[in-house]
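1. what's the 3D shape of this:
(2 chains)
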Amino acid sequence: MTSFTLTGASSDTDARRGELRLPHASLPIQTPVFMPVGTLGTVKAMTQEEVSGLGFSLILGNTYHLYLRPGHELVRRAGGLHKFIAWDGAMLTDSGGFQVFSLQDLRKITENGAAFKSHIDGSQHFFSPERSIEVQHALGADIIMAFDECPPYPSTYEQTQTATERTHRWLTRCVAYHKEQSSAQLLFGIAQGGTYESLRVESAQFIASQDTPGIAIGGVSVGEPPEKMLEAVSWSMPHIPKEKPRYLMGVGTPQDILQAVAQGVDMFDCVLPTRLGRTGTFYTTRGRINIKGSRYTEDFGPVDPDCACAVCRRYSAAYLRHLYKCNEILASRLTTYHNLAHYAQLMADIRDAIERDDYAAFVKNRLELYGRKNDMKIEELA
RNA sequence: GGGUUGGAGGCAGAUACGGGUUGCUGCGCUUGUCUGUAAAACAAGUCCCUCGCGGGUCGUGGGUUCAAAUCCCACCCGGCCCA
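-> Below is the predicted model of the structure:
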């Protein structure tokens, strides 16, 4: 059973079009795809209808967070995550591996797994690879992720090697446990390797050897400069089988996504559109703007004149600024909505450009518009 | 009209009631940051003049003093009481 089908490819870059069939998605997911992040079972500030109305049919949840609250057994009793949160589309749960990175002060890693102190009440919890998969089985997402160790940036070669090799051993345990439980969920492996070429190559090869139905590149978007991130992708990608969906975890800015797609990445997730939405930053085709800025006080036009989303069609920049200054809930909602609409449109445009086989020129053009702040040399795309 | 009491940053509150370059907290305001969400968060800045060095500024104006936000006088503005 192959759940992923390639439907097109770019001739001047490694970008490709594909379809990913998932149990809870009524239609195949069109790739390259962006997945909004809904850590706690909600894409923050959005209703499920709004998220699906924007064209998203695959969203994230987080194992560690949902395990703590409301508890995976409760979710299981509710009939699974989809049913619990009343989401009609597909879902992916991250394993808690990222919390190994982000909760550095609250966890301790051993060969057997990671001991966490709950960030909510300080209580002790332990995630082994098996435990993470067990919890993800209870949550019931379409795609589940291997439990990995995500080393911070910067890390020494030795630190990265230790984390990467442990991630490999943990993956074999995840795969074995997953098989034993004969779950129909798709388990994706995660390649690490930090900012070291040899480790990236080694890790991508190892993860590929485990024959999971999809392969993720992890350990990026942990504070490294964008060019290092794209470099890590370029080292990993040649070793990841073409026929499998490739998921670049935690990425990213529109610029990152445009360039990673050119390297053959199919799936993305990132908190940026939602987090920036809550804190007053709008994505526009011509770069980011901070709507709280005083220059928008009397700007009665739309925030992004080129955007066709419901927010830009109806509300003015001055009004949105006003909502932020007053700390109104609607501010977070409207900006999140717009940013997600921006990402949805970006991905649709990316897919179109690949289908037209015009991807290199498309990327060049878009990067110009966004501003060249953190893009790699465009010649490297070809 | 008489009495009384008070007046330090954009606002509120506090603190300083003769001695060093006065200045605290909160809010507001300004700018910035955010990448598999410990985040509707966080950081920096925010009296005036000056590019800077530096100078000025404690309601206003006088006075006392070696020295005044601080003591005295007048005025301005506000609270309260009496008429």
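2. and the residue in the stretch 151-300 of chain A positioned nearest to RNA strand B, how many neighbours does it have?
-> Closest to RNA strand B within the stretch 151-300 of chain A is A:S221: 2.0 Å, counting by Cβ to the nearest atom of the strand. Any C-beta I mention is one placed from the backbone N, CA and C, and that applies to glycine too. Neighbour count of A:S221, defined by other Cβ atoms under 10 Å: 22.
3. what residues are up against A:E355?
-> With contacts defined as Cβ atoms under 8 Å, 6 or more residues apart in numbering, A:E355 is in contact with A:8, A:17.
4. ok, it to RNA strand B distance?
-> A:E355 sits 25 Å away from RNA strand B, going by Cβ to the nearest atom of the strand, to the nearest Å.
5. now that residue: how far from A:L81?
-> Going from A:E355 to A:L81 by Cβ to Cβ, to the nearest Å gives 33 Å.
6. then A:T195?
-> According to Cβ to Cβ, A:T195 and A:L81 sit 34 Å apart.
7. output the lowest mean pLDDT helix or strand found in chain A.
-> helix A:97-102 (a mean of 92; mean pLDDT, DSSP states H and E).
8. ok, and what's touching it?
-> Residues from elsewhere that reach helix A:97-102, judged by Cβ under 8 Å, 6+ apart: A:62, A:64, A:107, A:109, A:114, A:116, A:132, A:145-152, A:167, A:190, A:218, A:222, A:249-250.
9. would you mark the buried spots in it?
-> By 16 or more other Cβ atoms under 10 Å, the buried positions in helix A:97-102 come out as A:97-101.
10. same question, stretch A:223-242
-> Residues of stretch A:223-242 classed as buried by neighbour count (16+ other Cβ under 10 Å): A:224, A:226, A:229-237, A:239-240.
11. so A:Y319 lies in a strand, does it not?
-> No. Counting by DSSP: H, G, I helix; E, B strand; the rest coil, A:Y319 is not found in a strand; it is helix.
12. measure it to A:D299 for me?
-> For A:Y319 relative to A:D299 (Cβ to Cβ), the value is 10 Å.
13. A:V201 too?
-> Look at A:V201 and A:D299: by Cβ to Cβ, they are 50 Å apart.
14. who does the residue lying closest to A:V265 once chain neighbours are set aside bridge with?
-> Spatial nearest neighbour of A:V265, chain neighbours left out: A:L248 (4.5 Å); criterion: Cβ to Cβ, 6 or more residues apart in numbering. Judged by DSSP bridges, the bridge partners of A:L248 are A:I217, A:F268.
15. for the stretch 251-382 of chain A, just list every one of the helices.
-> Secondary structure of the stretch 251-382 of chain A (DSSP state H, counting those that start in this stretch): helices at A:254-262, A:272-278, A:310-314, A:317-325, A:329-355, A:359-370.
16. sorry, slip of the keys, the one I care about is the stretch 1-150 of chain A.
-> Ranges of helices in the stretch 1-150 of chain A, per DSSP H, counting those that start in this stretch, are A:48-53, A:63-68, A:72-77, A:81-85, A:97-102, A:129-139.
17. how about those helices in JSON lines, adding distance to RNA strand B?
-> Shown next, in JSON lines, are the helices of the stretch 1-150 of chain A (distance: least, Cβ to the nearest atom of the strand, whole Å):
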{"stretch": "helix A:48-53", "distance to RNA strand B": "11"}
{"stretch": "helix A:63-68", "distance to RNA strand B": "6"}
{"stretch": "helix A:72-77", "distance to RNA strand B": "16"}
{"stretch": "helix A:81-85", "distance to RNA strand B": "14"}
{"stretch": "helix A:97-102", "distance to RNA strand B": "4"}
{"stretch": "helix A:129-139", "distance to RNA strand B": "10"}
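18. among those, which gets the worst mean confidence?
-> Among those, helix A:97-102 carries the lowest mean pLDDT, a mean of 92.
19. from the chain's centre, how far out does it sit?
-> In terms of Cα atoms, centre = their mean, to the nearest Å, the centre of helix A:97-102 is set 14 Å apart from its chain centre.
20. again, but for stretch A:4-15
-> 20 Å.
21. how about it as CSV, C-alpha atoms only?
-> Provided in CSV are the C-alpha atoms of stretch A:4-15 (Å, rounded to 0.1, in the frame of the first residue of the first chain):
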residue,chain,number,x,y,z
PHE,A,4,2.2,8.7,-1.5
THR,A,5,2.2,9.2,-5.2
LEU,A,6,4.4,11.6,-7.2
THR,A,7,2.4,13.4,-9.8
GLY,A,8,4.8,15.9,-11.3
ALA,A,9,8.4,17.1,-11.1
SER,A,10,10.2,20.3,-11.9
SER,A,11,12.9,20.0,-14.5
ASP,A,12,15.1,22.9,-13.4
THR,A,13,15.0,22.1,-9.6
ASP,A,14,14.3,19.1,-7.5
ALA,A,15,10.8,20.3,-6.6
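22. please list the residues of the stretch 201-350 of chain A that sit near RNA strand B.
-> Within the stretch 201-350 of chain A, the positions lying close to RNA strand B (Cβ under 7 Å from any atom of the strand) are A:216, A:218-223, A:226, A:229, A:249-253, A:256, A:269-272, A:274-276, A:278-281, A:288, A:290, A:292-295, A:297, A:325, A:327, A:329, A:332.
23. show me the beta-bridge partners of the residue nearest to A:G218 when sequence neighbours are not counted.
-> Spatially, and ignoring its direct neighbours in sequence, A:G218 is nearest to A:I190 (4.2 Å; Cβ to Cβ, 6+ apart). Applying DSSP bridges to A:I190 yields these beta-bridge partners: A:A216.
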